[in-house]
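Undergrad: dropping a prediction and its sequence here:
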Amino acid sequence: MSPDGVESHRIEGFLPAEDLLAQLELGLGKVWFKQEKYAVAEKHFRAAAQEYPSTEAAPEAVYWAGVSAYKASNDPKKLKETHQLLQSRYPSSQWTRKAMVWAG
């Protein structure tokens with residue numbers, strides 16, 4: 001939840017420790033993203049992807065890290081780089097498919 005009590009990310013059911021930690025890091029990134037603190041959000045998204053690369057949260061974290069980097073810089077190259085990273089690491093992920101428009 002964000003400091004004002006708004007839900008930013010929901011985790012339901014049991015998750016193994018690594019998956020839970022990745023989801024928590026992803027949730028922190030979403031809290032900061034909604035507050036338009038894109039550099040802080042990107043840090044949390046990158047941490048989720050780098051520290052827990054084999055979890056289901058990782059491709060989503062890569063996606064949002066790229067969006068955060070773009071929002072902070074307005075540099076569309078950040079989105080293209082994100083698509084390339086997703087394509088190389090998570091080719092069958094729904095997040096890779098969502099990023100296809102950035103392939104340019």
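TA: All right, it came through fine. Numbering: from 1, shown residues only.
Undergrad: now the helices for the protein?
TA: 17-34, 38-51, 57-73, 77-89, 94-98 (DSSP state H).
Undergrad: any idea which of the ones you listed is most buried?
TA: Among the helices of the chain, ranked by average contacts under mean count of other Cβ atoms under 10 Å, first place goes to helix 57-73 (a mean of 22). Any C-beta I mention is one placed from the backbone N, CA and C, and that applies to glycine too.
Undergrad: that older thread, let's have the helices of the chain in TSV, adding mean pLDDT and distance to Ile11.
TA: Listed next are the helices of the chain as TSV, based on pLDDT from 0 to 100; distance: least, Cβ to Cβ, whole Å:
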stretch	mean pLDDT	distance to Ile11
helix 17-34	95	5
helix 38-51	98	13
helix 57-73	98	10
helix 77-89	97	22
helix 94-98	97	17
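Undergrad: what sits up against stretch 15-33?
TA: By Cβ atoms under 8 Å, 6 or more residues apart in numbering, the residues outside stretch 15-33 that reach it are 1-3, 8-9, 11, 38, 40-45, 47-48, 51-52, 54-58, 60-61, 64-65, 67-68, 71.
Undergrad: quick one: contacts for the residue positioned nearest the centre of the chain?
TA: For the chain, Ala61 is the residue whose C-alpha lies nearest the centre (Cα atoms, centre = their mean; 2.1 Å). Taking Cβ under 8 Å, 6+ apart, we find Ala61 in contact with 22, 25-26, 29, 45-46, 48-49.
Undergrad: what does Arg89 give?
TA: So Arg89 contacts 53, 58-59, 62 (Cβ under 8 Å, 6+ apart).
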